[in-house]
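1. fold the stuff below for me.
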Amino acid sequence: MTSRFTELAVDCHDPEGLAAFWCEVLDFKVIDRSEGKVEIGSWVPTVEEVRARQMPPTLLFVRVPEGRTLKNRLHLDVSPIDRSTEDEVTRLIGLGATKADVGQGSDSNWEVMADPEGNEFCVLRTLAP
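-> The predicted model follows:
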């Protein structure tokens, strides 16, 4: 038997706000919410799909009280599917992201960014035709 990757948990101060940001970035929907937690995914599954374990991994935003002081050891990579990388970076800045410098250099073919709470992520080359 093996394990299955089911969700990526993200510690944050504002689960609702961060979930809303990532829903816009990824075109995800809220799957579940409870006190201090919001889970998002590519679709809202039926009970049958959950039981059959046919769900792709989700993102779970969990409220934590402490401030972040260490570098992220894990981050998301996103690839635009219907626009250029540059146009996607502009769209993400409009949603509240910022460009980040982690020492990638000016000749990299990806853009390092930070979400509204400072979590780093990369925008890779476009997948658009």
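2. which residues touch residue 111?
-> 85, 89, 99, 122-123 (C-beta atoms under 8 Å, 6 or more residues apart in numbering). Any C-beta I mention is one placed from the backbone N, CA and C, and that applies to glycine too.
3. again, only using 6 Å
-> 89, 123 (C-beta atoms under 6 Å, 6 or more residues apart in numbering).
4. please begin residue numbering at 595 from this point
-> Sure, I'll start counting at 595 from here, so that last one is residue 705.
5. quick one, phi psi at it?
-> Geometry field for residue 705 lists phi and psi as phi -120, psi 120, criterion degrees, to the nearest 10.
6. who's it bridged to?
-> residue 717 (DSSP bridges).
7. and it, how close does it get to residue 671?
-> 11 Å (C-beta to C-beta, to the nearest Å).
8. next: residue 687.
-> The value you get for residue 687 to residue 671, if C-beta to C-beta is used, is 17 Å.
9. more neighbours, these two?
-> Higher neighbour count among residue 687 and residue 671: residue 687, with 12 against 9, using other C-beta atoms under 10 Å.
10. sec struct for the more buried one, please.
-> Put simply, residue 687 is helix when judged by DSSP: H, G, I helix; E, B strand; the rest coil.
11. contact partners for it?
-> Applying C-beta under 6 Å, 6+ apart, we find residue 687 in contact with no residue.
12. if I look at it, how far off is residue 615?
-> Distance from residue 687 to residue 615, by C-beta to C-beta: 12 Å.
13. now swap in residue 712 and tell me
-> Between residue 712 and residue 615 the computed distance is 12 Å (C-beta to C-beta).
14. any buried residues in the strand or helix carrying residue 615, and which?
-> According to DSSP states H and E, residue 615 maps onto helix 609-620. Within helix 609-620, the residues scored as buried using 16 or more other C-beta atoms under 10 Å are 609, 611-617, 619.
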